[in-house]
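1. Prediction below, plus the sequence it came from.
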Amino acid sequence: MGAKVITVTSGKGGVGKTTTTANLAVALASLGYKVTCLDSDIGLRNLDVVLGLENRIVYDIVDIVEGRCRLKQAMIRDKRFPELYLIPAAQTRDKSALSPSDMVRLCDDLRPEMDWIIVDSPAGIERGFKNAIAPADIILVVTNPEVSAVRDADRIIGIIESEEKGPAHLIINRLNISLVKRGDMLTADDVISLLAVDLLGIVPEDENVVISTNKGQPIVLDSHSKAGQAFMNIARRLNGENVPLLDLDGRNGLFKMLGKLMREGVK
Amino acid sequence: MTGLMDRLFNKPSSANTARQRLQLVLIHDRANFPAGQIELMKEELIKVISRYVDIDRSKAEIAVENEGREQRLIMNIPLSKENRKYLG
């Protein structure tokens, strides 16, 4: 049938694109699919360390495109799953080493072998971003509930629409429930209505993400963590399942509390 | 609990401030029309319009607004009461 290509992008750096890419790839692989993830951030390779595969790199994406190796030689197999592969970015080149048509061709070569191809985009709105969205069937925009990340997400969504690659799907990452309750963080509903796009998932702030990244073991492998569950739910939604949002207890906290009072009465 | 008290007493939270600032910033970003330029345009328009009719300059408003993903320029320029005198 051929794989679906998903590109994970954001505009602003540091909002969790690479973490999202790694976790969705691992989640889909754990559901039994054949998955290749592709790091298109040339010069700033990172997906390898987040997946814990940094010691096994021999060839990279630019080596494939420039014909120094075969496609299969640059695909690093993640031994935790039968069919999860990484194609790493080149570390010593820049974004001009790849073109959008290189990316389309590379993904077309991979499609027959895979169920999912997940492309990690660099930050920004220039060449690297254009490369990353060129082969995409589905584009995921990752943002955090804060002003600069939301503003940049809006720019990116506008560009995705004007390139007729839309509609973009939104992932709100690092929602801090206690800040939301205090009224000191935008709610998920605020972000959704500001950006006027469809929500794919909300990932709560979770210190276990830092720990799992330290170890090179994506958080989705830890089924007890809220962030891990959130990423697994997003993967299942991509797969067409109807999975309700996690109860993060951060939305409509006031109304929930009043509702509870009214149901229970004052004792 | 402070969040609840603030909301009950209608004290603006920093999240509300963020939302309101973003609403404006996104409007100007999408239209590629910075807020400062709108002010300049407003001054010029007021000059032109006042050549033809007396207007209440202090109440003149001009803004880009969102309707869904569509953007429009909204002008609201009240005529001054002086005009009515001449008419009546």
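-> Yes, it's here. Numbering: from 1, shown residues only, chains lettered A, B, ... in the order given.

2. In the stretch 1-150 of chain A, which residue sits closest to chain B?
-> A:V147 (5.3 Å; CB to the nearest CB). No exception for glycine: its C-beta is placed from N, CA and C like everyone else's.

3. Spit out the contact partners of A:S99.
-> For A:S99, the contact set (CB atoms under 8 Å, 6 or more residues apart in numbering or on different chains) comprises A:N131.

4. Distance across stretch A:195-209, terminal residue to terminal residue?
-> Using CA to CA, to the nearest Å, the end-to-end distance of stretch A:195-209 comes to 26 Å.

5. Disregarding flanking residues, what is the spatial nearest neighbour of the closest residue to chain B within the stretch 101-250 of chain A?
-> Relative to chain B, the nearest point of the stretch 101-250 of chain A is A:G183 (3.0 Å; CB to the nearest CB). Counting by CB to CB, 6 or more residues apart in numbering or on different chains, A:G183 lies nearest to B:S13, which is 3.0 Å off, once chain neighbours are set aside.

6. same check, this time on A:V65
-> Nearest residue to A:V65, sequence neighbours excluded (CB to CB, 6+ apart): A:D102, at 4.7 Å.

7. quick one: which helix or strand includes the one you found?
-> Following DSSP states H and E, one finds A:D102 within helix A:100-110.

8. average model confidence for that helix?
-> Averaged across helix A:100-110, the pLDDT comes to 97.

9. what helices or strands is the helix or strand just after that helix leaning on?
-> Next helix or strand after helix A:100-110 toward the C-terminus (DSSP H and E): strand A:116-120. Other helices and strands packing on strand A:116-120, by 3 or more CB pairs under 8 Å, 6 or more residues apart in numbering or on different chains; DSSP states H and E, are strand A:4-9, helix A:17-30, strand A:35-39, helix A:100-110.

10. Direction included, what does strand A:116-120 pair against?
-> Here strand A:116-120 is paired, per DSSP bridges, with strand A:4-9 (parallel), strand A:35-39 (parallel).

11. what about the longest one, distance to the chain center?
-> Taking the mean C-alpha point of strand A:4-9 and that of its whole chain, the gap between them comes to 8 Å (CA atoms, centre = their mean, to the nearest Å).

12. Name the nearest residue to B:M75, sequence neighbours excluded.
-> Among residues not flanking B:M75 along the chain, B:I62 sits closest, at 5.0 Å (CB to CB, 6+ apart).

13. Pull the contacting residues for that neighbour.
-> The neighbours of B:I62, taking CB under 8 Å, 6+ apart as the test, are B:I38, B:M41, B:K42, B:L45, B:L73, B:I74, B:M75, B:N76.

14. before we move on, what SS does it have?
-> Per DSSP: H, G, I helix; E, B strand; the rest coil, the secondary structure class of B:I62 is strand.
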